[in-house]
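Visitor: Got a predicted structure plus its sequence, pasted below:
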Amino acid sequence: MLASISSAVLRGVDGIRVTVEVHVAGGLPSFTVVGLPDASCREARDRVRAAVVSSGLPWPQQRITVNLAPSGLPKAGAGLDLPMAIGVLVASGVVPSERAVGIAFVGELGLDGSLRRIAGLVPLVEALPEPIVVVPPDGQAEAMVLGRHEVRAAATLAAVVAALRGLGPWETAARAPAVPHREPVADLADVRGQPMARRAVEVAAAGGHHLLMVGPPGAGKTMLAQRLVGLLPPLDADAALQATKVHSAAGETLPEGGLLRNPPLRAPHHNASMAALVGGGSAWLRPGEISLATGGVLFLDELAEFSPAVLDALRQPLEEGRIRVARAHGAVQFPARFLLVAATNPCPCGNAGGDRYCRCSAAARRRYRRRLSAPLLDRFDLRIAVHRPDPDRLTGASCEEGTEAVAARVAEVRAITRLRGVSANRELSGGLLDRHAVPSRSGRQLLTDALRRQRVTARGVDRIRRVARTLADLDGARGCELAEEHIALAMHLRADTDQLLGVDE
């Protein structure tokens with residue numbers, strides 16, 4: 001007999017529908033899987049046989065052939081275990097074929113017949129056209145994120161078969177909470193004595209501008225970066241779904257309810273490899289840290305300690321908001337629209353340009369500076385120096401503005417920005433930039449002088465205009481013209497990197 005069961009496999013952060021065709025016929029007992037399966041799919045032969053026998057179900061002593069269609073697409077992962085088992089039972093007559101019509105199955109099987117959760121349930125379920133999907137119990141909330149399918153669950157293969165035969169109930173799926181829960185975040189009021197840095201963090205959050213902080217150890221750079229994510233508004237429906245798909249495909253733990261509603265904060269260590277940061281791998285093309293930071297903040301602490309090749313791989317995603325990873329067996333595209341926040345010391349000892357003696361030679365400072373390429377540094381809209389705060393401000397009573405008040409201003413600017421057709425001022429370009437960020441006559445003169453003195457590039461001018469637009473929005477200026485004071489402040493917040501890093505050229 002022949003059975004056809006619907007399922008899906010993961011490719012990047014997208015699900016690909018797969019039809020599991022099972023043929024049971026006379027001949028020597030065997031179990032063959034074809035259709036470009038990887039090792040995990042081929043090993044399903046032993047898992048499926050053991051799970052069926054352990055569940056007290058009959059195993060056909062015949063020739064079993066499983067085809068994973070489309071046959072030209074490589075298949076990876078253990079999520080096809082459950083549809084293979086159901087296909088064998090339908091083809092051998094244990095489960096009536098009409099009971100499996102309109103139902104898709106996704107899940108890994110244990111040798112005892114238990115169903116186990118797999119990574120990527122959100123994109124896998126999204127790829128399935130069937131109205132009913134059967135998943136492991138601990139993947140119910142994740143599978144229900146899309147809200148387009150009836151999600152059924154069972155703890156074991158025996159329970160799935162009993163439910164299909166009408167001899168037992170399906171497990172009830174838990175509904176996501178109606179009100180999204182906002183995780184507690186560190187308060188910006190904890191940062192004392194850094195007025196310019198606090199202003200830069202607010203501007204970065206309001207306009208989505210990439211931020212580079214240069215300063216000695218202990219100045220508060222990490223504190224500022226960790227509190228920036230709390231200033232961002234919750235993700236809208238589309239952004240939340242996209243971020244959830246990426247985290248689901250990477251096997252990350254999702255919040256209660258399955259949907260990722262708060263902007264994520266990713267802070268990889270400086271020894272992260274190229275594949276860890278931008279994504280990739282061999283058989284399983286996993287999203288990297290820049291994709292996991294989609295909709296939120298990617299914080300690179302000790303920026304100059306990262307591999308220069310890894311850092312330069314960020315240049316294209318910063319411009320396009322996506323990364324294309326190509327390997328010998330295929331290519332995938334990952335989303336990568338994030339707010340980049342980086343922190344670095346000005347020199348190897350960390351004291352260049354500060355109030356303490358710098359032990360580094362001029363040659364050592366130049367080598368340290370060369371680890372950061374000019375094209376990468378040019379993509380930072382905000383580049384500021386963070387100095388050690390006044391000791392009196394650290395030991396006295398806190399009177400700094402907290403996260404709640406600053407986040408309210410950020411949300412107001414983001415609402416204005418959405419009326420312009422973009423989610424943040426960082427995305428203004430071409431006609432939108434010329435329409436909403438027109439320099440005044442005196443402001444235009446400032447930009448022209450900076451270009452002639454080669455203090456900024458053409459890309460830098462556009463970035464200064466976007467930052468000036470955010471500054472104007474924060475100050476309540478609603479016209480399209482940018483005042484000289486806003487352009488001047490935007491240029492001040494984009495300091496020369498050689499001066500920040502203590503290099504005299």
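Guide: Cool, got the structure.
Visitor: Quick one: residues contacting the residue nearest to residue 42 when sequence neighbours are not counted.
Guide: With Cβ to Cβ, 6 or more residues apart in numbering as the criterion, residue 42 has its nearest non-adjacent residue at 5.7 Å, and that residue is residue 33. Glycine gets a C-beta too; all of them are placed from N, C-alpha and C. Contacts for residue 33 (Cβ atoms under 8 Å, 6 or more residues apart in numbering) come out as 41-42, 44-45, 66, 68, 84.
Visitor: cool, residue 340 as well?
Guide: 210-211, 297-298, 300, 314, 318, 379-380.
Visitor: okay, the residues you listed in CSV with distance to residue 7, secondary structure and neighbour count next?
Guide: Below are these laid out as CSV (distance: Cβ to Cβ, whole Å; DSSP: H, G, I helix; E, B strand; the rest coil; neighbours: other Cβ atoms under 10 Å):
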residue, distance to residue 7, secondary structure, neighbour count
210, 41, coil, 21
211, 44, strand, 26
297, 36, strand, 24
298, 34, strand, 27
300, 38, strand, 26
314, 36, coil, 23
318, 37, helix, 20
379, 42, coil, 17
380, 45, coil, 24
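Visitor: quick one: which of those is nearest to residue 291?
Guide: residue 298 (9.7 Å; Cβ to Cβ).
Visitor: what about the closest one, distance to residue 316?
Guide: Between residue 298 and residue 316 the computed distance is 15 Å (Cβ to Cβ, to the nearest Å).
Visitor: For the residue nearest the centre of the chain, which non-adjacent residue is spatially closest?
Guide: Residue closest to the mean C-alpha point of the chain, counted by Cα atoms, centre = their mean, is residue 292 at 2.1 Å. Spatially, and ignoring its direct neighbours in sequence, residue 292 is nearest to residue 266 (5.2 Å; Cβ to Cβ, 6+ apart).
Visitor: Verify the stated contact: the one you found with residue 298.
Guide: Yes: Residue 266 lies in contact with residue 298 (Cβ atoms under 8 Å); the separation is 5.3 Å.
Visitor: which residues do the two both contact?
Guide: In contact with both residue 266 and residue 298: 289, 338, using Cβ under 8 Å, 6+ apart.
Visitor: circling back: identify, from the contacts of residue 33, the entry nearest to residue 356.
Guide: Nearest to residue 356 among the contacts of residue 33, with distances taken as Cβ to Cβ, is residue 41, at 59.4 Å.
Visitor: Tell me how far that closest one lies from residue 88.
Guide: Going from residue 41 to residue 88 by Cβ to Cβ gives 15 Å.
Visitor: now do residue 299
Guide: Residue 299 is 49 Å from residue 88, by Cβ to Cβ.
Visitor: Ok, residue 117 next?
Guide: Counting by Cβ to Cβ, the separation of residue 117 from residue 88 is 22 Å.
Visitor: And residue 415, by the same measure?
Guide: Counting by Cβ to Cβ - residue 415 and residue 88 are separated by 55 Å.
Visitor: the more surrounded of the two?
Guide: Taking other Cβ atoms under 10 Å, residue 415 and residue 88 do not tie; residue 88 has more neighbours (26 against 11).
Visitor: Can you tell me the closest non-neighbouring residue to residue 110?
Guide: residue 116 (5.9 Å).
Visitor: Write down the beta-bridge partners of the one you found, one by one.
Guide: When assigned by DSSP bridges, residue 116 has beta-bridge partners residue 108.
Visitor: which ones are touching it?
Guide: So residue 116 contacts 78, 107-110, 136 (Cβ under 8 Å, 6+ apart).
Visitor: closest to residue 256 among these?
Guide: residue 136 (17.4 Å).
Visitor: Determine the three-state secondary structure at the nearest residue to residue 130 once chain neighbours are set aside.
Guide: For residue 130, ignoring the flanking residues on the chain, the nearest one in space by Cβ to Cβ, 6+ apart is residue 104 at 4.2 Å. Assigned with DSSP: H, G, I helix; E, B strand; the rest coil, residue 104 falls in the strand class.
Visitor: could you list every residue that touches residue 248?
Guide: Counting by Cβ under 8 Å, 6+ apart, the residues that residue 248 touches are 119-123, 142, 254.
Visitor: show me where the stretch 51-200 of the chain has helices.
Guide: Remark: helices assigned in the stretch 51-200 of the chain by DSSP state H, counting those that start in this stretch are 81-91, 121-126, 140-143, 157-164, 195-207.
Visitor: rank those by mean pLDDT and give me the bottom one.
Guide: Among the helices of the stretch 51-200 of the chain, helix 140-143 carries the lowest mean pLDDT, at a mean of 89.
Visitor: and that helix, which residues are buried?
Guide: For helix 140-143, burial by neighbour count (16 or more other Cβ atoms under 10 Å) applies to 140-143.
Visitor: Surely residue 241 is in contact with residue 254?
Guide: No: assessed by Cβ under 8 Å, residue 241 is found out of contact with residue 254, at 12.0 Å.
Visitor: The helix or strand of the chain with the lowest mean pLDDT: what's the following helix or strand?
Guide: Ranking every helix and strand in the chain by mean pLDDT, DSSP states H and E puts helix 391-395 at the bottom, with a mean of 70. As assigned by DSSP states H and E, the chain's next helix or strand after helix 391-395 is helix 403-419.
Visitor: Any stretches of the stretch 151-300 of the chain with poor pLDDT?
Guide: 172-184, 282-283 (pLDDT under 70).
Visitor: Let me see the ranges of the strands in it.
Guide: 211-214, 265-266, 297-300 (DSSP state E, counting those that start in this stretch).
Visitor: got JSON lines for those, with distance to residue 375 too?
Guide: JSON lines is the format used below for these (distance: least, Cβ to Cβ, whole Å):
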{"stretch": "strand 211-214", "distance to residue 375": "14"}
{"stretch": "strand 265-266", "distance to residue 375": "23"}
{"stretch": "strand 297-300", "distance to residue 375": "16"}
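Visitor: looking at those, which is closest to residue 462?
Guide: Taking these one by one with Cβ to Cβ, strand 211-214 is closest: 16.9 Å.
Visitor: For that closest one, which strands pair with it and how are they oriented?
Guide: strand 339-344 (parallel), strand 382-385 (parallel).
Visitor: picking up where we left off before, so which of the helices of the stretch 51-200 of the chain gets nearest residue 54?
Guide: helix 157-164 (8.2 Å).
Visitor: Run through who's touching that closest one.
Guide: For helix 157-164, the surrounding residues in contact (Cβ under 8 Å, 6+ apart) are 51-52, 55-57, 82, 85-86, 89, 94-96, 99-100, 103, 105, 109, 113-115, 134, 152, 154, 168-171.
Visitor: and the closest residue to residue 420 other than its chain neighbours, what pLDDT?
Guide: Nearest residue to residue 420, sequence neighbours excluded (Cβ to Cβ, 6+ apart): residue 436, at 5.6 Å. On pLDDT, residue 436 comes in at 93.
Visitor: Burial check on residue 436, number of neighbours?
Guide: 24.
Visitor: Also residue 25?
Guide: 12.
Visitor: just residue 361 next, same as before
Guide: Counted with other Cβ under 10 Å, residue 361 comes out at 11.
Visitor: again with residue 129
Guide: For residue 129, the count of nearby residues is 10 (other Cβ under 10 Å).
Visitor: now residue 435
Guide: Neighbours around residue 435, by other Cβ under 10 Å: 12.
Visitor: I'd say it and residue 481 touch.
Guide: No: the criterion here is Cβ under 8 Å, and residue 435 misses it with residue 481 at 11.2 Å.
Visitor: Cheers, nothing more for now.
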